[in-house]
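In: Quick one: sequence and predicted model below, then my questions.
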Amino acid sequence: MKKLYLILAVLGAIFPYLYFFDFFAVYGLRFSTLIGGLFDNGAAAGFTVDLLISSLVFWVYMFQQRRKEKGPNPGPFIVINLLIGLSCALPAYLYAREQ
């Protein structure tokens, strides 16, 4: 499972950024446009809210595990979650737990 988590973390970093790079190539570094696009319609808003809630659950889980089992430090994975996304942060965390 350790290798699978690593592969998924790498893929979770690459694929979202392909779309982000495409977006920024068209619209530039206008983050207000990016944020607006996240809630542009019901489908986009639904995915955005789902991802935000899933990220919050992941953060709570990491802190709970840290307190119970002395799991990995949540800090780096929160940074990964904010800068790359949950698709990279979650498998990276699971990879670190396998160490």
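Out: That came through fine.
In: now the longest helix anywhere in the chain: mean pLDDT?
Out: Using DSSP state H to define each element, the chain has its longest helix at helix 42-69. On average, the pLDDT along helix 42-69 is 95.
In: Now do it: which elements does it pack against?
Out: helix 31-38, helix 74-83, helix 86-98 (3 or more Cβ pairs under 8 Å, 6 or more residues apart in numbering; DSSP states H and E). From N, CA and C alone the C-beta is placed, and that goes for glycine too.
In: hey, C-alpha coordinates of the first one in CSV?
Out: Just to be clear, that refers to helix 31-38. Extracted C-alpha coordinates of helix 31-38, given in CSV (Å, rounded to 0.1, in the frame of the first residue of the first chain):
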residue,chain,number,x,y,z
PHE,A,31,-7.6,34.8,-7.8
SER,A,32,-10.9,36.6,-7.6
THR,A,33,-11.8,35.0,-10.9
LEU,A,34,-10.7,31.6,-9.6
ILE,A,35,-12.8,32.0,-6.4
GLY,A,36,-15.7,33.2,-8.4
GLY,A,37,-15.4,30.1,-10.7
LEU,A,38,-15.6,27.8,-7.8
